[in-house]
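*Asks:* Fold the following and give me the result.
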Amino acid sequence: MKKLTTFFTVLLTLSLVFAFAGDVRQAYMEKSPGKFDPAAYAQTQQLKFNWLLSEGVPLSEKSIISIQVTQDEIDSVNNYKCESCENRAKLYKMKIGLVKPVSFDITRASSRATADGGMVWTTAAESKTATALRIHFTNFNLPANAALYIYNMDGEAFGPYTGRGPGNEGDFWSHTVTGPIAYIQLRHHGPASPADLMAINFKIAGVGHIGEKFLLPFYQQQKSVEGINHTLTHCNDNEDCVEDASCFSGGAINDAKYAAAHMQWISGAWIYYCSGGLIADTDTGSQIPYFLTANHCVSKSKDAKALECYFHYWTASCHGACYDPVGVCPRTLGADIIHSSRDGDHTLLQLWENPPAGSVFLGWNSQPLAFSDGTHLFRISHPSGSPQAYSEHVVDSQYIECSSLAIGEFIYSLDVVGATEGGSSGSPVMNMSGQIVGQLYGACGYTLEVCDAENNRTVDGAFAYYFDSVAQWLDPGTGPGGKMHVSAIDLSVTVKAVFNTAWAEVTILDENGSPVANATVEGIFSGDVSGSKSASTDANGVATLSIKVKATVADFTFCVDNVTHADFTYDSADNVETCDTY
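*Replies:* Residues are numbered from 1 along each chain as shown. The predicted model follows:
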């Protein structure tokens, strides 16, 4: 699993420093160098699209994957409110689409030879009622001179996906393309021998059908053209009290806009969205793309790998028209879970890709403030999947708490400017200096109506409550342990009359070469056996993970996904190996 540690010449509005005052730790905002150029981004997509279109192969009927979605399935998405709400508490995760399993391999695609002695294959996935699509690839393994792309007829084009794909696991979800048809194109640059062509391997295992909620801002823009006034609220689908972030400015507010992201991911049979933001660590020698959101949004490794984060998703001016995020905002694809827990409802991720140039990594403060009544906080979020919204809150510990949301573990606050809605979950809440002090869980109240501030309170997981759990990454060097890494992976197979067992023995050592006991190793099997497993290391630093199957096990791969320990920091860059094949 990759660790994206890029050594930047860091441009700082405030130097990334930390201070120690008693038990309080803190970091300040960090900014990545450069500036994102929307025109250059659009031009790159256009040139890629033009090339793909020029090389595409006319489709036959058998090369089109057709998805059928029933009205009941659409209604199940549109009517989704909350999976696990108490009578007086509400989560803010939103469902926006569904997944349809398929089985399609490269042999069914339309193909032709190319002038350079290579090949090009083209296929398409179609779901007539979709506003956007994503494609699930499995068994993905391309030779060095082959690459896969996905595009639509509106000029959106993504890729190349090469090797074993994003995450280097052979299993991933593509970027999102808008519209009811997504084109998938594979280019093998020549000259290519028959053996070269036989080395190409992947399957399309699923199509993500994304409904109208994802492009709701686009439809609002269309309504405005028809003369419907939507300037009184942020966007037509938002409640009246939701405020457009473009109407608010100031040093910390401006910084937060370059850290916030609209999140979209696949979890099982459904597609969801939430909010989140980039967060800094105190190591000045590197800039790791850490990202904070809520546990109830993303808590599983598989879900994180399917995550898309959209940055710079805002209106062009105060009360400007809403627009769709796809093709306009830069994005990242994929992430690893660093730490996730229901304690304080938090998830710390590491993005697979660096965010756009000029992004801000927000500082943080471990000072407890859940009982500091009157303290002003603010946030940038994406309520109902709309462009950035601004809200301001005042800490209020006197409110009658919800039974499962204890004050201290959670921060209760009164909305004084703006509000949050479904889709805002996971958005960092900051003190007025722009330091993260928590992230949005949802609401607790008597009516749970968005604009009823008198009878309801906004609820955030308290950063101070779970800080010790994430300190080894955000404040490295302060814990009792050092760094640890994967020293070896040994694979074997046991053959028995009924079940065959694939084994992976993973050895974890510290930076001095000593075994690390009680480390939790998470890993993924693929090939003849597949699945995710975890195990703890013994006194020799060895964790033993296994999967039983009733089939022959002749070829499988095991990759370490993550290693966690109460006292040690996992440094995957020091791994002797991260994957091994039997």
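*Asks:* now the helices for the chain?
*Replies:* For the chain, the helices defined by DSSP state H cover 38-55, 71-78, 194-198, 216-225, 251-257, 301-305, 463-474.
*Asks:* what distance separates the second one from the centre of its chain?
*Replies:* This points to helix 71-78. 24 Å (C-alpha atoms, centre = their mean, to the nearest Å).
*Asks:* And the first one, by the same measure?
*Replies:* Computed by C-alpha atoms, centre = their mean, the chain-centroid distance of helix 38-55 equals 25 Å.
*Asks:* what mean pLDDT would you report for that helix?
*Replies:* Helix 38-55 carries an average pLDDT of 93.
*Asks:* mind listing what's buried in it?
*Replies:* Within helix 38-55, the residues scored as buried using 16 or more other C-beta atoms under 10 Å are Y41, Q45, K48, F49, L52. All C-beta atoms are positioned from the backbone trio N, CA, C, and that covers glycine.
*Asks:* and if you look at the last one?
*Replies:* By neighbour count, with 16+ other C-beta under 10 Å as the criterion, the buried positions of helix 463-474 are F463, A464, Y465, Y466, F467, S469, V470, A471, Q472, W473, L474.
*Asks:* show me the contacts for the nearest residue to G385 once chain neighbours are set aside.
*Replies:* Excluding the flanking residues, the one nearest G385 by C-beta to C-beta, 6 or more residues apart in numbering is G423, at 4.9 Å. Applying C-beta atoms under 8 Å, 6 or more residues apart in numbering, we find G423 in contact with Y92, M94, H262, Y273, C274, S275, S381, H382, P383, S384, G385, S386.
*Asks:* burial measure for the fifth one, as a count.
*Replies:* Right, the one you point to is C274. C274: 31 surrounding residues under other C-beta atoms under 10 Å.
*Asks:* re the thing from before, from G531, how far off is the residue nearest to G385?
*Replies:* Counting by C-beta to C-beta, to the nearest Å, the separation of G423 from G531 is 32 Å.
*Asks:* same thing with H346?
*Replies:* With the distance defined as C-beta to C-beta, H346 ends up 27 Å from G531.
*Asks:* More neighbours: which of these two?
*Replies:* The residue with more neighbours, out of H346 and G531, is H346; 28 against 12, by other C-beta under 10 Å.
*Asks:* so the more buried one bridges to which residues?
*Replies:* Per DSSP bridges, the residues bridged to H346 are S341.
*Asks:* you'd agree it is up against H296?
*Replies:* No - contact criterion C-beta atoms under 8 Å: H346 and H296 do not qualify, at 9.9 Å.
*Asks:* picking that back up, okay, the residue nearest to G385: pLDDT?
*Replies:* With respect to pLDDT, G423 has a value of 91.
*Asks:* Where does pLDDT dip in the stretch 351-500 of the chain?
*Replies:* 477-481 (pLDDT under 70).
*Asks:* Which parts of it are strands?
*Replies:* For the stretch 351-500 of the chain, the strands defined by DSSP state E, counting those that start in this stretch occupy 360-361, 363-365, 376-381, 389-395, 410-417, 428-431, 435-445, 456-462, 483-495, 500-510.
*Asks:* now do the stretch 151-300 of the chain
*Replies:* Going by DSSP E, counting those that start in this stretch, the stretch 151-300 of the chain shows strands at 157-161, 172-173, 177-178, 181-188, 201-210, 243-244, 260-267, 270-278, 290-293.
*Asks:* export the helices of the chain to CSV and tack on distance to A488?
*Replies:* Listed next are those as CSV, based on distance: least, C-beta to C-beta, whole Å:
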stretch, distance to A488
helix 38-55, 41
helix 71-78, 46
helix 194-198, 32
helix 216-225, 50
helix 251-257, 44
helix 301-305, 22
helix 463-474, 23
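*Asks:* coming back round to it: need the strands of the stretch 151-300 of the chain in TSV (columns: mean pLDDT and distance to N365).
*Replies:* Formatted as TSV, these follow (pLDDT from 0 to 100; distance: least, C-beta to C-beta, whole Å):
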stretch	mean pLDDT	distance to N365
strand 157-161	95	37
strand 172-173	96	35
strand 177-178	92	39
strand 181-188	96	43
strand 201-210	94	37
strand 243-244	94	24
strand 260-267	96	18
strand 270-278	96	15
strand 290-293	98	13
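*Asks:* Do I have it right that S526 meets N168?
*Replies:* No - counting by C-beta under 8 Å, S526 does not reach N168; the two are 11.1 Å apart.
*Asks:* shared neighbours, the two?
*Replies:* C559.
*Asks:* Look at the two and report which has more neighbours.
*Replies:* Taking other C-beta under 10 Å, S526 and N168 do not tie; S526 has more neighbours (20 against 15).
*Asks:* how far away is that one from S341?
*Replies:* Counting by C-beta to C-beta, the gap from S526 to S341 is 27 Å.
*Asks:* now do H393
*Replies:* Going from H393 to S341 by C-beta to C-beta gives 23 Å.
*Asks:* try T420
*Replies:* To S341, T420 is 22 Å away according to C-beta to C-beta.
*Asks:* Neighbour count for the two, which is higher?
*Replies:* Per other C-beta under 10 Å, whichever of T420 and S341 has more neighbours is T420, with 29 against 15.
*Asks:* So that one is in contact with H382, correct?
*Replies:* No - the pair T420 / H382 is not scored as a contact, 9.7 Å apart, by C-beta under 8 Å.
*Asks:* OK, contacts around F248?
*Replies:* By C-beta under 8 Å, 6+ apart, the neighbours of F248 are Y390.
*Asks:* separation between it and P191?
*Replies:* Remark: distance between F248 and P191 (C-beta to C-beta) = 58 Å.
*Asks:* Same question for S536.
*Replies:* Distance, S536 to P191, by C-beta to C-beta: 50 Å.
*Asks:* Could you do I210 as well?
*Replies:* From I210 to P191 the distance is 40 Å (C-beta to C-beta).
*Asks:* Tell me the spacing between A42 and W51.
*Replies:* 15 Å.
*Asks:* Oh, that last question was meant for S340, not what I typed.
*Replies:* 40 Å.
*Asks:* now swap in S127 and tell me
*Replies:* Distance of S127 to W51, computed by C-beta to C-beta: 26 Å.
*Asks:* same deal with S193?
*Replies:* From S193 across to W51, the span is 24 Å (C-beta to C-beta).
*Asks:* and if you look at S386?
*Replies:* Per C-beta to C-beta, S386 is found 34 Å from W51.
*Asks:* One more: E243?
*Replies:* Counting by C-beta to C-beta, the gap from E243 to W51 is 42 Å.
*Asks:* ok, the contacts of G423 vs V560, which is closest?
*Replies:* C274 (27.2 Å; C-beta to C-beta).
*Asks:* quick one: contacts for the residue lying closest to the closest one once chain neighbours are set aside?
*Replies:* Distances taken as C-beta to C-beta, 6+ apart place C297 nearest to C274, at 3.8 Å, with adjacent residues excluded. Counting by C-beta under 8 Å, 6+ apart, C297 touches K93, M263, Y272, C274, G276, T347, S425, G426.
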